[in-house]
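> What follows is a predicted structure for the sequence shown.
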Amino acid sequence: MIWLISFALAIILCIAGVIYLISAIGRFGLFQRIEKKWLRNLLVLCTIACGFIIITVTLSFINALTVLLHVLIFFLLSGLIFKIISLGKTKNFRFYYQGWLAIITSVIYLGTAYYLCVHVWETDYSLSTDKDIAPVKIALIADSHLSTTFDGEGFAKHIEEIDSKNPDLLVISGDFVDASTKKEDLAVACKALGNVKAKYGVWYAYGNHDVTNWGNLGVTKEELVAELSANNIHIMEDSYEYIGDLCIVGRKDAHVASDRADISDLLSDVDTTKYIVVLDHEPTDYDNEAASPADLVLSGHTHGGQLLPITYLGVWLGFNDSTYGYKRINNTDFIVTSGIADWEIFFKTGTKSEYVLISVNF
C-alpha cells in the first residue's frame with residue numbers, strides 16, 4: 001500500500017514537474033538560441049522524453065520516474081537557492097547557475113543512491129540473553145528479489161561472502177523471489193544456499209512477493225519449494241523447529257495470508273528454555289510478538305525506507321512498526337534489515353543494501 005501511494009503521488013508530481021522542467025531546462029544556452037518559443041519547448045520536451053525512454057529501457061519505467069522526480073526536486077531547490085541569492089539584485093545572472101547546479105547535484109546524488117543499492121554491506125549486532133545457551137551467530141538476509149539487482153551468480157557470490165563469516169545458521173526473512181525471477185537464477189541461488197556450511201543450516205519464511213507472484217512469473221510455487229527442499233533449506237510457514245539451543249519460528253506473511261496464526265497461538269506450546277528466533281517478513285506485529293515468548297524477531301520488507309523523504313512514511317501512517325534497525329520491547333529484540341537487494345527501484349537514499357550478522361551471547 002505504501003508503495004502504491006508513493007508511486008501515485010510520484011506520477012502526479014512528475015506530470016506537473018515536466019511542465020516546470022520544460023521552462024527550466026529551456027533556459028540553458030543551447031536552447032536559448034532557438035528564437036521560436038514553441039520550437040524551443042518542443043525540443044526540450046523531446047530531450048526529456050529521450051532521457052526518460054533511455055532510463056526506462058536500461059533500468060525500468062519506475063526507475064525513470066524516480067530519476068525524473070529527483071531531477072525536478074533539484075531544479076526546484078536550486079531555483080529557490082538562487083532566487084534568495086538574487087534578492088535585491090537588479091540584474092539576473094549571466095550564467096545559468098541554477099540549471100548546472102541542478103544537473104550536477106542530480107548526477108552525484110543519484111549515482112551515490114545507485115551505488116548504495118547495488119553494493120552490499122555487512123551490518124553487525126551484538127545481543128545478550130538471560131537464557132543459558134551456547135553463543136550463536138545468526139546471518140540474516142531478506143528482500144533478495146532474485147533477478148532484479150543481481151542474478152543467481154551474483155546472489156551466490158554474496159552467499160559465499162556471508163558463509164566465510166562462519167555463521168551458525170543463515171535465515172531468510174522473506175521476498176527471496178520476485179516477478180522477474182528466472183528459473184535458472186533460482187536454481188543457482190538455491191544451490192548456493194545448499195552449499196552454506198553453517199552447522200544449523202538455512203531457514204526460510206515467505207514474504208509478500210514470494211506469495212503474490214506465484215503464477216505470475218517464470219517460477220511457480222511448486223518449483224520454488226522443490227528447489228529449496230532439494231538443497232535442504234528449511235521452509236517455515238506458521239511452524240517452528242528446535243535445533244541445538246534454538247527454536248526457529250517462521251510466520252506467514254502478514255498482509256497476504258488471511259489464515260495466518262496469531263503469534264500467541266503459534267507459540268503456545270513452545271519450549272521457552274530455548275532461544276526463540278521468529279522470522280516475520282513484515283514488521284507489523286511488534287506488540288503481540290513482544291507479549292509472546294519470542295526472544296528475537298527478524299524482518300525485512302521495508303527496504304530500510306528506500307528513498308528520502310518517504311523513509312519513515314510507513315511508520316507514520318501505521319503500516320509498519322519499524323522501518324530499519326534495532327528495537328527492544330519488553331524482553332524481545334527486534335531487527336529490521338534494509339535488504340540485500342531491491343524490488344524495482346535501483347536507488348537507495350538514507351539507507352543501503354546489507355546482510356546482517358547477529359551475535360547472541362548468554
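The structure has been received and is ready for your questions. Numbering: from 1, shown residues only.
> do you know how far Glu241 is from Tyr204?
12 Å (C-beta to C-beta, to the nearest Å). C-beta: built from backbone N, CA, C; applies to glycine.
> Which one's more surrounded, those two?
Set side by side, Glu241 and Tyr204 show unequal neighbour counts under other C-beta atoms under 10 Å, the larger going to Tyr204 at 24 against 12.
> can you confirm the more buried one is in a strand?
Yes - remark: Tyr204 belongs to a strand, assigned using DSSP: H, G, I helix; E, B strand; the rest coil.
> hmm, back to that, what touches both of Glu241 and Tyr204?
Overlap of the contact sets of Glu241 and Tyr204 (by C-beta atoms under 8 Å, 6 or more residues apart in numbering) consists of His234.
> where along the protein do the helices fall?
When secondary structure is read from DSSP state H, the chain shows helices at 2-25, 29-32, 37-58, 61-85, 97-118, 152-163, 183-194, 208-212, 221-230, 263-266, 286-290, 313-316.
> would CSV of those helices with distance to Val277 and mean pLDDT be doable?
Formatted as CSV, the entries for those read as follows, by distance: least, C-beta to C-beta, whole Å; pLDDT from 0 to 100:
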stretch, distance to Val277, mean pLDDT
helix 2-25, 27, 76
helix 29-32, 59, 82
helix 37-58, 40, 91
helix 61-85, 34, 88
helix 97-118, 28, 93
helix 152-163, 17, 97
helix 183-194, 18, 96
helix 208-212, 19, 84
helix 221-230, 19, 93
helix 263-266, 13, 96
helix 286-290, 12, 97
helix 313-316, 23, 76
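> Let me have those helices in TSV, adding distance to Lys274 as columns.
Formatted as TSV, the helices of the chain follow (distance: least, C-beta to C-beta, whole Å):
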stretch	distance to Lys274
helix 2-25	35
helix 29-32	68
helix 37-58	49
helix 61-85	43
helix 97-118	37
helix 152-163	24
helix 183-194	24
helix 208-212	26
helix 221-230	24
helix 263-266	14
helix 286-290	16
helix 313-316	31
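> Mind checking these for the one nearest to Phe362?
Between Phe362 and the helices of the chain, the tightest spacing by C-beta to C-beta is seen for helix 286-290, at 21.1 Å.
> name the helices or strands packed onto the closest one?
For helix 286-290, the elements it packs on are helix 263-266, strand 325-329, strand 332-336, judged by 3 or more C-beta pairs under 8 Å, 6 or more residues apart in numbering; DSSP states H and E.
> Return the most buried member of these.
Most buried of the helices and strands packed on helix 286-290, by mean neighbour count (mean count of other C-beta atoms under 10 Å): strand 332-336, with a mean of 23.
> contacts for stretch 305-316?
Against stretch 305-316 from outside (C-beta under 8 Å, 6+ apart): 2, 6, 66, 113, 302, 304, 320-324, 338, 342, 345, 347-351.
> Let me know the distance separating the spatially most central residue of the chain from Ile248.
Nearest residue to the geometric centre of the chain (C-alpha atoms, centre = their mean): His303, 2.5 Å. Distance, His303 to Ile248, by C-beta to C-beta: 24 Å.
> same thing with Glu223?
Applying C-beta to C-beta, one obtains 24 Å for the distance of Glu223 from Ile248.
> just to revisit the earlier point, closest one to Ile19 among the helices and strands packed on helix 286-290?
The closest of the helices and strands packed on helix 286-290 to Ile19 is strand 332-336. By C-beta to C-beta, the value is 38.6 Å.
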